[in-house]
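Undergrad: pasting the sequence and the predicted model now:
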Amino acid sequence: MTTRTAFILPGQGSQKLGMLDLIPENDTFVRLLDAAEALSGLDLRVLAAAGEPEQLADTRVAQPLLYLADWAWGIALMDCRVVPDVLAGHSLGELAALALAGVYSVEAGLELVVERSRLMAMTAANTPGGMSAVLGLSAAAIQEAIVGLEGVWVANDNSAGQVVISGTDSGIEAATAKLTEAGARRIIPLKVAGPFHSPLMEPARTAFEDIVRQAEFNNASIPVVQNTSPTPVTDAELIRERLISQITSPVRWTETLSALVADGPIVLIESGPGTVLRGLARGIEGITAVSVEDTPLQTIAEEVVA
């Protein structure tokens with residue numbers, strides 16, 4: 001059986017100082033950075049090179065930087081003749097995956113990302129809350145433990161032992177007590193601006209829907225496994241509907257990895273900053289995972305994928 005290849009693109013949380021420095025030279029990328037700074041009104045180059053951690057964590061900064069970095073790494077791989085059979089992105093990374101799949105141009109996707117980040121930041125500022133990572137319990141066990149609690153939801157099912165909850169401050173506090181009783185190994189508050197991937201982000205979803213419905217979407221040239229319904233899809237209108245619901249829906253990454261390996265052995269290439277997604281795939285039978293951050297592109301092309 002032929003081993004397939006997937007690009008997996010990281011989302012918010014993978015941003016870090018110097019994240020643009022390793023990206024292979026790309027004239028289009030330079031032009032896109034200029035456009036991102038004009039659209040966002042932020043000096044993204046300076047923030048990526050020398051910003052404080054809390055500045056980089058600002059969703060208005062992290063989202064456009066990660067979108068462009070993910071896209072540029074994907075293009076660099078394709079330039080080395082590494083062509084994916086399927087694509088998947090974690091939260092924000094999904095928008096870069098859709099650009100690589102030709103659902104929209106990279107420029108149109110950048111406009112969506114800047115608007116998405118602005119709307120999410122505005123909603124978060126008006127909706128006190130946060131997120132916490134729960135270690136040592138499955139998503140199902142967490143869901144069972146928090147049944148009946150108000151203001152808290154499972155937001156990211158990242159792996160069997162790493163799940164993120166999202167909600168109001170009081171909801172997170174009540175859930176922390178319940179999950180500790182249920183046997184969680186650790187519960188770690190995350191440094192994020194708000195209760196992302198929960199129903200509390202509905203104002204952002206509603207406003208983003210209006211923007212997405214006006215955008216031109218094409219059928220994907222490469223199947224994409226989306227966060228809200230982890231099955232490969234190419235249909236433009238189905239992709240649109242799933243993208244609209246993503247802001248208030250959980251990131252079903254455990255199911256995404258299962259979908260990617262369902263048809264047999266697969267090489268996952270983390271095409272963006274960091275190695276978080278590679279780590280989440282560790283130990284899953286049938287998956288080989290590498291990251292562009294610490295594996296040269298030529299090595300991936302000649303040794304990992306070949």
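TA: Yep, that arrived. Numbers count the residues shown, from 1 in each chain.
Undergrad: could you list the low-pLDDT ranges of the stretch 1-150 of the chain?
TA: In the predicted model, the stretch 1-150 of the chain carries pLDDT under 70 at residues 1-2.
Undergrad: which element follows the lengthiest strand in the chain toward the C-terminus?
TA: Selection of the longest strand in the chain by residue count, based on DSSP state E, yields strand 152-159. Beyond strand 152-159 on the C-terminal side, the first helix or strand identified by DSSP states H and E is strand 162-167.
Undergrad: got the buried residues for whatever helix or strand comes next after that following strand?
TA: Counting by DSSP H and E, the next helix or strand C-terminal to strand 162-167 is helix 169-181. For helix 169-181, the neighbour count (16 or more other CB atoms under 10 Å) marks G171, I172, A174, A175, T176, K178, L179 as buried. To be clear about C-beta, it is placed using only N, CA and C from the backbone, and glycine gets the same treatment.
Undergrad: state the mean pLDDT of helix 169-181.
TA: Averaged across helix 169-181, pLDDT comes to 96.
Undergrad: could I get the contacting residues of the closest residue to L137 other than its chain neighbours?
TA: Spatial nearest neighbour of L137, excluding adjacent residues (CB to CB, 6 or more residues apart in numbering): A184 at 5.0 Å. Contact partners of A184, counting by CB atoms under 8 Å, 6 or more residues apart in numbering, are V134, L135, G136, L137, I142.
Undergrad: going through these, which ones are buried?
TA: Buried, going by 16+ other CB under 10 Å: V134, G136, L137, I142, out of the contacts of A184.
Undergrad: among these, which are located in helices?
TA: Within the buried ones among the contacts of A184, residues falling in helices by DSSP state H are I142.
Undergrad: I'd like the buried ones among the contacts of A184 written out as TSV, with distance to L42 added.
TA: Converted to TSV, the buried ones among the contacts of A184 look like this (distance: CB to CB, whole Å):
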residue	distance to L42
V134	32
G136	38
L137	38
I142	35
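Undergrad: closest one of the buried ones among the contacts of A184 to A76?
TA: Comparing those against A76 with CB to CB places V134 closest, at 35.1 Å.
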